[in-house]
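S.K.: Could you look at this predicted model? Sequence included:
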Amino acid sequence: MSHATTDRDPIPAVPDDGAQPLLGFGEVRTCLIQNLAGLSPSASVALMQLTPGSPVSKVDRPTRRVVSPEQVTGVDCRLHVAREGRGRAIGTVLSHAVVTNGRILQGTAHAALASATAKERREWRHYLRQPGVVEVLGSPKPHNVMDGYLTDASPARGLDLASISDRIIDEVQQSDRLDHTTALRTGTAVVRWAATLAQEAKPTVGIAKSDIPNFHVIRLNGSPEDLPMLIRFCEEFALHEWLLTTVQDVIVPRAEADIARDRDPLDSLLFALNELAPLWMPPTHLSPDMKALWEAMESRTHYSRLFERQVARIRDLRDQVKIRPPRRF
Amino acid sequence: MLIFATSDKGGTGRSVTSCNMAYRRALQGEAVAYLDFDFGSPTAGAIFDVPKAERGVDASGLHSYFTKHTEAQQLDTALHSDSDTLRDLPRISGASRLVLLPGDKDGGEFSISADMPARCAQLFLKLDREFDLCIVDLSAGRSYAVDLVLEATARPELAALTSRWLVFHRWTKQHILAAHGLVFGEKGLLKAGERRGHDPQKLNNSVRYVRTAVVDLGVDQESVTRPAQGAWLRAYDQKLREQADKLRMGRARLAGQIPYDPMLQWSEQVIDDSDVSGLKIANQATVQAFEDLAAKLSDERFWEGL
Ligand SMILES: Nc1ncnc2c1ncn2[C@@H]1O[C@H](COP(=O)(O)OP(=O)(O)OP(=O)(O)O)[C@@H](O)[C@H]1O
Ligand SMILES: [Mg+2]
């Protein structure tokens, strides 16, 4: 079977009739593909063919990244607004899946929020003409809308990008192209982000602390045209964050416990070295703005250094096991 | 791995035993999810001492996952339980997590609609990505929950997952017969599984039995005081064993035998070594039986075809 591919990431639409987006919202989930072996390039493309006929985009370097066509979900819901104000959100949310190196799956849902172009709900035709744009009826202050979204523990009440990104993950993971064998037991990490958009604003990023494990919150700034880049930044952040967490909180402690109990930890150590470590590829080559965002994030989190340290630890553990292999039962 | 815990009669000790088994397994280093599929009367929250799930949660429990399509919430017992045993779990070296997927407060049984088996399979697949072991506490008897998981596990997307069944029963003539009927009867698991595309032989090979609250004649029992009484109990125990053998529920298929423990009789809870060695309110043999049962779950030689 052949599949249409393009080598660009899909770009969400900007509203046509003058409604300028004020906010960008999104949620990214990251997990391992439920398949014993890594997927080949063509299998990855086939898996990402969520809409037959629409092009799957594919980039081979520095890591192989295959992105599904955007899926459109209609929404009409109350917004969860922090502090004061009310708002109703009507429009469409876009979502897509990404496969990296045939191993990692991401599900992203995103929308640009703009003030409503009419006092009442318009015909669906209108909203469908601007995929990825959600119009806000009522006039809550943007920063209250943003805080409401970022802090909502049960987003099912408001604009529920969480379940849209969750659904796309489930849809892909259920595909009969996968053997559904779990290669390594790890969690799904969630990154929820929101961006304040203003003409000519320079892109900036802030990572908020969160108490919930596997849950991260990002606040961004930028111009409306930056939105595709901000979406990509969040996906890259999510991927790297997942890699670090998986290595640091899953693989290393488990290997240490295995060694203490005389069990063989080699499989997961080698998985980390062969399959996960090569995925550490900060997206600084994409554009100067992306480079600046990434470096701003790095300067506070030191993720690359932490990751390097974990990989060194894994090499040590591997060598330790090679010298003194565990007793086999 | 998926473990389905079931029993024919109610009140056999299925939930108390499964919760303790889950705890031992997490202690042994496996990430465990406990799914309360007893939709009518979810009790796992009470056994794990999770106040907000005492009788099921207010919203987004497993019942709503199926009937209202909400997400199924996961409660890490280390964070949500009031039991010191469970709160201390993360501090024990080599131990992993024990997460409860609670039922809903006003749940109730429901009939299976067309999309539920796929949704059930989706949940199992998702949990398998994260947890080494999923223990599914089904309600007693042939419930909708049993049909639902039989249908879900027959689906192709679950073919790579290992599913095993534990049938819990008390150590009496009636209970042995009832457990046998649950598996082999006209409306039993095997027949029901076959109708949904399972190979009955393979399904039978994935079933093992757990005897619960068995009076332990080996240990000095305060309740067994007269010689005649002891002799009768031993003889009767032998008769029950012969009955179980005949019904293909003998030693080879015995996953565990949990002694009668006065503490568990009064308090449905998770017990740990401090209840035995420190407070001395539970019996060492009970903890050992939970530990052995937990270890059996992944003892491949034990689960090989018979
Ligand atoms: N090993 C044991 N020794 C003594 N009593 C026990 C033991 N295990 C369980 N019990 C008691 O048996 C009763 C029933 O236990 P449990 O609730 O676990 O059963 P169940 O099979 O899950 O019941 P249901 O069908 O209602 O869900 C409880 O009161 C519990 O205290
Ligand atoms: Mg029960």
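M.R.: Cool, got the structure. Numbering: from 1, shown residues only, chains lettered A, B, ... in the order given. Ligands and ions are numbered 1, 2, ... in the order given.

S.K.: What segments of the chain are strands?
M.R.: Here I'm looking at chain A. With strands called from DSSP state E, chain A shows them at A:5-6, A:21-32, A:56-59, A:65-67, A:71-78, A:88-100, A:104-115, A:133-137, A:189-197, A:204-208, A:215-222.

S.K.: I was thinking of chain B, sorry if that wasn't clear
M.R.: Under DSSP E, chain B gives strands at B:2-7, B:32-37, B:75-76, B:98-101, B:133-138, B:163-170, B:207-214, B:254-259.

S.K.: Now render the ones you listed as JSON lines, adding mean pLDDT and mean neighbour count.
M.R.: Just so you know, the C-beta spots here come from the backbone N, C-alpha and C atoms, and that holds for glycine as well. JSON lines is the format used below for the strands of chain B (pLDDT from 0 to 100; neighbours: other CB atoms under 10 Å in any protein chain shown):
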{"stretch": "strand B:2-7", "mean pLDDT": "98", "mean neighbour count": "26"}
{"stretch": "strand B:32-37", "mean pLDDT": "98", "mean neighbour count": "28"}
{"stretch": "strand B:75-76", "mean pLDDT": "96", "mean neighbour count": "19"}
{"stretch": "strand B:98-101", "mean pLDDT": "98", "mean neighbour count": "27"}
{"stretch": "strand B:133-138", "mean pLDDT": "98", "mean neighbour count": "25"}
{"stretch": "strand B:163-170", "mean pLDDT": "98", "mean neighbour count": "23"}
{"stretch": "strand B:207-214", "mean pLDDT": "97", "mean neighbour count": "22"}
{"stretch": "strand B:254-259", "mean pLDDT": "97", "mean neighbour count": "21"}
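
S.K.: In CSV: the ones you listed, plus distance to ligand 2.
M.R.: Converted to CSV, those look like this (distance: least, CB to the ion, whole Å):
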stretch, distance to ligand 2
strand B:2-7, 8
strand B:32-37, 9
strand B:75-76, 17
strand B:98-101, 13
strand B:133-138, 6
strand B:163-170, 9
strand B:207-214, 11
strand B:254-259, 14
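
S.K.: Pipe the ones you listed into JSON lines and attach distance to residue A:28 per row.
M.R.: Listed next are these as JSON lines, based on distance: least, CB to CB, whole Å:
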{"stretch": "strand B:2-7", "distance to residue A:28": "29"}
{"stretch": "strand B:32-37", "distance to residue A:28": "24"}
{"stretch": "strand B:75-76", "distance to residue A:28": "22"}
{"stretch": "strand B:98-101", "distance to residue A:28": "23"}
{"stretch": "strand B:133-138", "distance to residue A:28": "26"}
{"stretch": "strand B:163-170", "distance to residue A:28": "32"}
{"stretch": "strand B:207-214", "distance to residue A:28": "42"}
{"stretch": "strand B:254-259", "distance to residue A:28": "42"}
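
S.K.: between those strands, which one is nearest to residue A:301?
M.R.: With CB to CB as the measure, strand B:75-76 is the member of these nearest residue A:301 (24.8 Å).

S.K.: Turn the strands of chain A into CSV, columns for distance to ligand 2, mean neighbour count and mean pLDDT.
M.R.: Conversion of those to CSV gives the following (distance: least, CB to the ion, whole Å; neighbours: other CB atoms under 10 Å in any protein chain shown; pLDDT from 0 to 100):
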stretch, distance to ligand 2, mean neighbour count, mean pLDDT
strand A:5-6, 53, 15, 55
strand A:21-32, 32, 24, 97
strand A:56-59, 48, 20, 95
strand A:65-67, 46, 25, 98
strand A:71-78, 38, 16, 95
strand A:88-100, 39, 24, 97
strand A:104-115, 36, 25, 97
strand A:133-137, 45, 24, 96
strand A:189-197, 32, 24, 96
strand A:204-208, 41, 16, 90
strand A:215-222, 32, 19, 96
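
S.K.: right, and the ones you listed - which one's nearest residue B:298?
M.R.: Between residue B:298 and the strands of chain A, the tightest spacing by CB to CB is seen for strand A:21-32, at 21.5 Å.

S.K.: and the residue in chain B positioned nearest to ligand 2, how far is that from ligand 1?
M.R.: Relative to ligand 2, the nearest point of chain B is residue B:15 (3.1 Å; CB to the ion). As judged by CB to the nearest ligand atom, to the nearest Å, residue B:15 and ligand 1 stand 3 Å apart.

S.K.: separation between that residue and residue B:59?
M.R.: 22 Å (CB to CB, to the nearest Å).

S.K.: okay, these two: which has more neighbours?
M.R.: Using other CB atoms under 10 Å in any protein chain shown as the criterion, residue B:15 and residue B:59 rank with residue B:15 on top: 25 against 12.

S.K.: burial measure for residue 126, as a count.
M.R.: Because you didn't say which chain, this covers chain A. Using other CB under 10 Å, residue A:126 has 17 other residues around it.

S.K.: ah, I was thinking of chain B
M.R.: Residues contacting residue B:126 under the criterion other CB under 10 Å number 20.

S.K.: Leaving out the residues flanking it, which one is nearest to it?
M.R.: Of all residues not flanking residue B:126 in the chain, residue A:170 sits nearest, at 6.7 Å (CB to CB, 6 or more residues apart in numbering or on different chains).
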